[in-house]
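1. Can you look at this prediction? I've put the sequence above it.
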Amino acid sequence: MSGHTAAESTRPAVTATAVRKQYGDTVAVRDVSLDVHEGEVFGLIGPNGAGKSTLLGLLTGTRIPTEGSVRVFGESPTAVDRSRMSVLPQEFSPHRRLSGRELVSYYAGLYPDPLSVDEVLDRVGLDAGDAATAYTDLSGGQQRRVCVGAALVNDPELLFLDEPTTGIDPAGRRDVWDLVDSLADGGTAVVLTTHYMAEAEHLADRVGLLTDGELVRVGPPRDLVQRFGGETRLAVRTERPRALDLDATPLDGRRYGDYEYRFFDAGPDDLTAMLDHLDAADIAYEEVSLVRPTLEDVYLNLASERGHDCIASAGPAGLAGNAEVTR
Ligand SMILES: Nc1ncnc2c1ncn2[C@@H]1O[C@H](COP(=O)(O)OP(=O)(O)OP(=O)(O)O)[C@@H](O)[C@H]1O
């Protein structure tokens, strides 16, 4: 779970003030203001093309804002001492035949006063055997550890990670989460982008939801879910098609496809009442569950409001299945 202690009272590691980036007629980032403090993980989420990479580029100084300003430790990101910040780009792909130790050593050589290679390997949790293994022979999670290690050689106070876990398996993802957690606990400010809502919910102290270049929601994941996630739903999946008579159920609901029913704004008492009803009416069911909203619901609700395609491919939040409302 998130819960790193951000040093709110300190000067922010990075601040954006009314930043706008325009490419010709395309406004990629519009009037974004945010700050990220020491020891805080800030997760940037949003659909494809929302402007996440552009915003990251503005924060790291690889792109220049059309309007507004960015400050890293109080300075322009292009002027700041590069040993204080680090960026792990999405497409970072080191030489595959070198070992983790060789790679970390190579990147350490780019800085005047790097951490020792052993310390970096220790921080990213690579033991001597893994560190001696060619990058290409490591698991996805171990490879990502090496990549994060390469980004840590300068002992940055501010770390940018662009989709750090895309393309790696769930165990590898957990490894990276542990690593980011421990970095933030040690005081590093981390800004990351992700397409995984569970990742943002787990890691981020605050999440920024970007859509059409605009930062439309910012806050701790739990607050966003509470405010924008919608109600808890009661979901019922029956064994036989169209087995429930919705006029007789104790809650108002809808049928989705032939087997699934959802009842909104439900609580634990409603679960009991529904189970009693199913038993009394002798209706066989495969599943009855309370589905609490998650950050994914916040995201999908917003995407739906804005008419984004992802709502169509993701389907309705809750039980997977047919989105057709047939009642
Ligand atoms: N160099 C560029 N020239 C012109 N348009 C650009 C340029 N870079 C980005 N854009 C446009 O700006 C918008 C935001 O793109 P950006 O890559 O920042 O989004 P993103 O949220 O990172 O997307 P993804 O999740 O797919 O990586 C898009 O409409 C994109 O086509």
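-> Here it is on my side, so go on.
2. Quick check: the gap between residue 287 and residue 269.
-> To residue 269, residue 287 is 19 Å away according to Cβ to Cβ, to the nearest Å. The C-beta positions use only the backbone N, C-alpha and C, and glycine is treated the same way.
3. between these two, which one's more packed in?
-> A direct count of neighbours by other Cβ atoms under 10 Å for residue 287 and residue 269 places residue 287 higher, at 12 against 9.
4. you'd agree that one is up against residue 238?
-> No. Contact criterion Cβ atoms under 8 Å: residue 287 and residue 238 do not qualify, at 9.1 Å.
5. show me where the stretch 51-200 of the chain has helices.
-> Under the criterion DSSP state H, counting those that start in this stretch, the stretch 51-200 of the chain contains helices at 52-60, 100-108, 117-123, 128-131, 140-152, 170-185, 197-203.
6. looking at those helices, which is closest to the ligand?
-> For the ligand, the closest of these is helix 52-60, at 3.2 Å, according to Cβ to the nearest ligand atom.
7. elements contacting the closest one?
-> strand 14-23, strand 26-36, strand 41-45, strand 67-72, strand 85-88, strand 158-162, strand 189-193 (3 or more Cβ pairs under 8 Å, 6 or more residues apart in numbering; DSSP states H and E).
8. What strands flank the fifth one, and is each parallel or antiparallel?
-> Read it as strand 85-88. strand 158-162 (parallel) (DSSP bridges).
9. The partner strand near the ligand at all?
-> No. Applying Cβ under 6 Å from any ligand atom, one finds strand 158-162 separated from the ligand by no less than 8.2 Å.
10. Let me know the pLDDT of the residue nearest to residue 194 when sequence neighbours are not counted.
-> Spatial nearest neighbour of residue 194, chain neighbours left out: residue 200 (5.5 Å); criterion: Cβ to Cβ, 6 or more residues apart in numbering. Note for residue 200: predicted pLDDT of 95.
11. How about the one 3 residues further on?
-> Per-residue confidence at residue 203 stands at 95 (pLDDT).
12. List the contacts of it.
-> Contact partners of residue 203, counting by Cβ atoms under 8 Å, 6 or more residues apart in numbering, are 2, 41, 43, 177, 180, 181, 192.
13. count of neighbours near residue 222?
-> Using other Cβ under 10 Å, residue 222 has 14 other residues around it.
14. Contacts for the host helix or strand of it next, please.
-> Element membership for residue 222 (DSSP states H and E) is helix 221-228. The contact list for helix 221-228, computed with Cβ under 8 Å, 6+ apart, reads 2, 43, 200-201, 204, 206-207, 209, 217, 219, 293-295, 297-298, 301-302.
15. Okay, buried residues for that helix please.
-> 221, 224, 225, 228 (16 or more other Cβ atoms under 10 Å).
16. Could you list which residues are in contact with the residue nearest to residue 194?
-> 43, 45, 194, 207, 221, 295.
17. Contact residues of the stretch 101-250 of the chain facing the ligand?
-> Going by Cβ under 6 Å from any ligand atom, none of the residues of the stretch 101-250 of the chain are near the ligand.
18. Mind splitting this structure into its structural domains?
-> Structural domains annotated on the chain: 14-219, 229-314, as defined by automatic domain parsing.
19. Comparing the ones you listed by mean pLDDT, which bottoms out?
-> Of all the domains of the chain, the minimum mean pLDDT falls on domain 229-314 (a mean of 86).
20. Can you give the distance from that one to the centre of its chain?
-> Put simply, domain 229-314 sits 26 Å off its chain's centre (Cα atoms, centre = their mean, to the nearest Å).
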